[in-house]
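Chemist: here are the coordinates; sequence isn't available:
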């Protein structure tokens, strides 16, 4: 069974990639992921705020005893609040790239195109085989237009591409008015791949403390439907790599994403829940399914159920909505 695939120019032994998350916080964990069979590891993210906080902390030390301390520093967590600082991150990335024979991909999380992007080059110098940009932005200013937000994304991608020679992927939000149009603009800006989709962690309310509480909930298999649909739509429209993420718990989700047209499938939730060794089970399940359907390679199955390949393309468009509503109406019985 030939599981090889290509992702933003990288030749990978199979389509299963460990996405950015806590499991990449040590060389030992990354070695476990590699031993279990993943074909690449995306490091946890280095945050724009983290780098600014460290720079501001240094400025504060240099300006101790003066009135020049920046008020804006209060908006960012102290540098020592982070488990791993920027320099430790780069050291970990370097050691990991030396310790395993699979590509290590660095991850940057931010929204501006300021000086923090220099760390993309530092990641490259430390051994990263690619950069994933997690542009995590919640536009709450009503005066900010959709086109202005898109321009910010494009500016960040262009700035990073100008700083490095390794491939760059963009992890997108699903909340754009026209995802296909944004995808095309990002490609023109130099993006080598799209990762669909960024999963926003929504806050909750603590009713006892009357406070906004951060929450973390691992993804579920039913969450694959949104990225599944858009990968199937974009596969024939975008001549660039597509990575699927969110909701991968079993080999069934792995197979579905590949049929939609994904070049690689990323997961963190399942590996956190079951441990790094779960990657072996995911790949074994994929191979077994491929045998039953007489697929001999990932290349052969990739995109077999994309928009351009299925008999009824309306399944991805408005027709699907109408069919679902009509089916529900036909089956629905009012509770007594």
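Modeler: Received the coordinates, thanks. The structure displayed is predicted, hence computed values, not measured ones. Numbering: from 1, shown residues only.

Chemist: give me the residues contacting stretch 269-282.
Modeler: Residues outside stretch 269-282 that contact it (C-beta atoms under 8 Å, 6 or more residues apart in numbering) are 16, 18, 21-23, 29, 32-33, 35-38, 218-219, 247-251, 254, 267. To be clear about C-beta, it is placed using only N, CA and C from the backbone, and glycine gets the same treatment.

Chemist: buried stuff in it?
Modeler: 269, 270, 271, 276, 278, 279, 282 (16 or more other C-beta atoms under 10 Å).

Chemist: what does stretch 197-214 give?
Modeler: Buried-residue list, stretch 197-214, by 16+ other C-beta under 10 Å: 197, 198, 199.

Chemist: nearest to residue 133 among those residues?
Modeler: Taking C-beta to C-beta as the measure, residue 133 sits nearest to residue 198 out of the buried residues of stretch 197-214, at 10.3 Å.

Chemist: hang on, the closest one packs against residue 171?
Modeler: Yes: applying C-beta atoms under 8 Å, one finds residue 198 in contact with residue 171, separated by 4.9 Å.

Chemist: between those two, what contacts are shared?
Modeler: Contacts common to residue 198 and residue 171, judged by C-beta under 8 Å, 6+ apart, are 134, 135.

Chemist: what about the longest helix anywhere in the chain, average pLDDT?
Modeler: With secondary structure taken from DSSP state H, the chain has its longest helix at helix 146-163. Averaging pLDDT along helix 146-163 gives 92.

Chemist: show residues contacting that helix.
Modeler: So helix 146-163 is contacted by 108, 110-113, 117-118, 120-121, 131, 133, 135, 137, 139, 168, 170, 176-177, 182, 185-186, 189-191 (C-beta under 8 Å, 6+ apart).

Chemist: buried sites along it?
Modeler: Buried-residue list, helix 146-163, by 16+ other C-beta under 10 Å: 149, 150, 152, 153, 154, 156, 157, 158, 159, 160, 161, 163.

Chemist: how long is stretch 128-146 end to end?
Modeler: One end of stretch 128-146 to the other measures 32 Å (C-alpha to C-alpha, to the nearest Å).

Chemist: report the buried residues of that stretch.
Modeler: 128, 129, 130, 131, 132, 133, 134, 135, 136, 137.

Chemist: reformat these as a markdown table; add distance to residue 50.
Modeler: Listed next are the buried residues of stretch 128-146 as a markdown table, based on distance: C-beta to C-beta, whole Å:
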| residue | distance to residue 50 |
| --- | --- |
| 128 | 17 |
| 129 | 22 |
| 130 | 20 |
| 131 | 16 |
| 132 | 16 |
| 133 | 15 |
| 134 | 13 |
| 135 | 15 |
| 136 | 13 |
| 137 | 16 |
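
Chemist: let me have the residues you listed in a markdown table, extended by pLDDT and distance to residue 230.
Modeler: Below are the buried residues of stretch 128-146 laid out as a markdown table (pLDDT from 0 to 100; distance: C-beta to C-beta, whole Å):
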| residue | pLDDT | distance to residue 230 |
| --- | --- | --- |
| 128 | 98 | 27 |
| 129 | 98 | 26 |
| 130 | 98 | 21 |
| 131 | 97 | 22 |
| 132 | 97 | 18 |
| 133 | 94 | 18 |
| 134 | 90 | 17 |
| 135 | 82 | 17 |
| 136 | 74 | 18 |
| 137 | 73 | 19 |
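
Chemist: hmm, which two among those residues are most spread apart?
Modeler: Checking the buried residues of stretch 128-146 with C-beta to C-beta, the most distant pair is 129 and 137, at 26.0 Å.

Chemist: now do the helices in the stretch 101-250 of the chain.
Modeler: For the stretch 101-250 of the chain, helices defined by DSSP state H, counting those that start in this stretch occupy the ranges 118-126, 146-163, 179-188, 225-234.

Chemist: in strands only, show me the contacts of stretch 269-282.
Modeler: 16, 18, 267 (DSSP state E).

Chemist: nearest to residue 3, out of the helices of the stretch 101-250 of the chain?
Modeler: Across the helices of the stretch 101-250 of the chain, closest to residue 3 is helix 225-234 (C-beta to C-beta), at 18.4 Å.

Chemist: so which residues make contact with that closest one?
Modeler: 174, 179-180, 183, 194, 196-197, 242, 244-247, 256-257, 260-262, 305-307, 310, 316.

Chemist: change it to 6 Å
Modeler: With C-beta atoms under 6 Å, 6 or more residues apart in numbering as the test, helix 225-234 has contacts from 174, 179, 183, 196-197, 242, 244, 246, 260-262, 306-307, 316.

Chemist: before we move on, what about stretch 106-124?
Modeler: 20, 42-43, 45-48, 51, 90, 93, 128, 131-137, 155-156, 159-160, 163-164, 166.

Chemist: again, 7 Å this time
Modeler: With contacts defined as C-beta atoms under 7 Å, 6 or more residues apart in numbering, stretch 106-124 is touched by 20, 42-48, 51-52, 86, 90, 93, 128, 131-137, 152, 155-156, 159-160, 163-164, 166.
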